[in-house]
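Trainee: Give me a 3D structure for the following:
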Amino acid sequence: MSKKTWEMPDGVYTALVTPFAGDQVDRKAWERLVQRQIDGGVAGIVPVGCTGEAAALTTDEKEWLVRAAVEMCRGKCAVVAGAGSNSTAVTVDLTRKAKEWGADAAMLISPYYNKPQQQGLLAHYREVARKVDIPLVLYNVPGRTAVNILPETAAQLSAEPNIVALKEASANLPQIEEAIARCDLKVFSGDDGLNFNIFGLGAHGAISVVSNLLPGAMTRFWKAWAAGDINAAWPMARAFDPITNACFVETNPVPVKELLSLAGVCKRDPRLPLVTVSEQSLTFLVQFYESTLADLMARDVEGAS
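Mentor: Residues are numbered from 1 along each chain as shown. Have a look, this model is predicted:
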């Protein structure tokens with residue numbers, strides 16, 4: 001086992017949406033989003049990742065978003081900035097920038113489109129880890145990338161001192177169990193619908209989309225689990241099911257931005273090539289928000305710590 005350069009705190013990390021106003025980042029809305037997470041007691045936030053529409057952001061926009069988050073979160077929670085791409089050289093450059101901008105760690109999605117072999121994944125992540133001295137979180141999400149980081153590959157990568165964690169969003173529970181058993185890495189759930197199951201396999205928390213809406217409730221759920229109070233954690237987990245379903249009724253992050261818009265936190269608009277939800281989905285989300293979510297969001301920070 002290698003001695004890690006950073007002990008990533010256990011708990012809930014929110015994969016934050018990026019708010020837009022026209023063709024610009026909505027800076028005031030970003031500050032509201034980050035402050036809601038701090039007030040909700042999360043362990044950390046993840047700006048400029050997939051949920052943050054990183055692929056549609058300029059480098060200048062990413063810099064402002066990460067630097068603003070670092071400034072607000074300093075001493076309160078961690079900032080794990082998205083820095084992955086499907087080019088190893090670009091990933092090295094983005095990861096260096098994440099360090100320069102003050103992030104505590106960088107999260108690296110596996111290279112998409114190129115479909116690297118497992119040996120290619122090993123070479124890609126080792127190249128970044130050995131060229132940039134910042135803690136790294138691997139992100140396995142085959143549904144977006146068409147490539148799967150197998151447990152054996154993650155186990156080999158865990159020998160790198162600055163590769164500290166793995167976000168698992170493969171939805172493959174036997175694979176996740178094997179990864180947790182074999183890797184000298186903290187594994188975090190990357191699938192809100194499976195958080196309870198993945199916690200039970202030995203995960204150290206979740207990197208969540210739903211916590212954009214309910215950071216306090218998601219944090220209380222994790223804390224109940226971590227304290228061993230399964231009788232409390234189980235119904236809390238199941239209470240998230242309809243919210244998770246709403247958040248993924250269309251491509252993430254479009255529905256969660258719609259729900260945040262209904263709550264007045266930010267505008268609904270994604271950036272192309274994503275577009276707003278269909279009329280059918282909008283009707284469903286408005287009804288769900290008015291009947292269920294509005295009250296939960298209004299009470300979310302009660303009891304957060």
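Trainee: got the buried residues for the helix or strand of the chain at the bottom of the mean pLDDT ranking?
Mentor: Here the helix or strand of the chain ranked lowest by mean pLDDT, DSSP states H and E is helix 142-145, holding a mean of 94. Within helix 142-145, the residues that count as buried by 16 or more other CB atoms under 10 Å are 142, 145. For glycine as for every other residue, the C-beta is placed from the backbone atoms N, C-alpha and C.
Trainee: Quick check: next helix or strand after it?
Mentor: Next along the chain after helix 142-145, taking DSSP states H and E as the criterion, comes helix 151-157.
Trainee: which residues sit against the one helix or strand residue 98 maps to?
Mentor: Using DSSP H and E, residue 98 sits within helix 88-100. For helix 88-100, contacts defined as CB atoms under 8 Å, 6 or more residues apart in numbering pick out 59, 62-63, 66, 81, 83-85, 106, 108, 111, 123-124, 127-128, 131-134, 136.
Trainee: Could you pull up the mean pLDDT of that helix?
Mentor: For helix 88-100, mean pLDDT is 98.
Trainee: Tally up the residues packed near residue 209, please.
Mentor: 24 (other CB atoms under 10 Å).
Trainee: thought residue 45 was touching residue 13?
Mentor: Yes. With contact defined as CB atoms under 8 Å, residue 45 reaches residue 13; the gap is 6.4 Å.
Trainee: what sits in contact with each of those two?
Mentor: 78, 80.
Trainee: ok, which stretches of the chain are helices?
Mentor: Remark: helices assigned in the chain by DSSP state H are 27-40, 59-73, 88-100, 118-131, 142-145, 151-157, 173-182, 195-201, 215-226, 230-239, 241-247, 254-262, 279-288, 294-298.
Trainee: Alpha carbons of the last one, in PDB - could you do that?
Mentor: Backbone C-alpha positions of helix 294-298 (Å, rounded to 0.1, in the frame of the first residue of the first chain) are rendered in PDB as follows:
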ATOM      1  CA  ALA A 294     -40.300  22.700  -2.800                       C
ATOM      2  CA  ASP A 295     -41.000  21.900   0.800                       C
ATOM      3  CA  LEU A 296     -38.000  19.600   1.100                       C
ATOM      4  CA  MET A 297     -35.700  22.300  -0.400                       C
ATOM      5  CA  ALA A 298     -37.100  25.000   1.900                       C
END
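Trainee: in it, what counts as buried?
Mentor: So for helix 294-298, counting by 16+ other CB under 10 Å, buried means residue 297.
Trainee: Can you give the distance of that helix from its chain's centre?
Mentor: 22 Å (CA atoms, centre = their mean, to the nearest Å).
Trainee: what's the answer for the longest one, then?
Mentor: Distance, stretch centre to chain centre, for helix 59-73: 16 Å (CA atoms, centre = their mean).
Trainee: Now do it, average pLDDT.
Mentor: Mean predicted lDDT for helix 59-73 stands at 98.
Trainee: just checking, what packs against that helix?
Mentor: The contact analysis (3 or more CB pairs under 8 Å, 6 or more residues apart in numbering; DSSP states H and E) places helix 59-73 against strand 24-25, helix 27-40, strand 44-46, strand 78-82, helix 88-100.
Trainee: which outside residues touch the third one?
Mentor: Meaning strand 44-46. Contacts of strand 44-46 (CB under 8 Å, 6+ apart): 9, 11, 13-16, 34, 37, 52, 69, 73, 77-82, 104, 107, 207.
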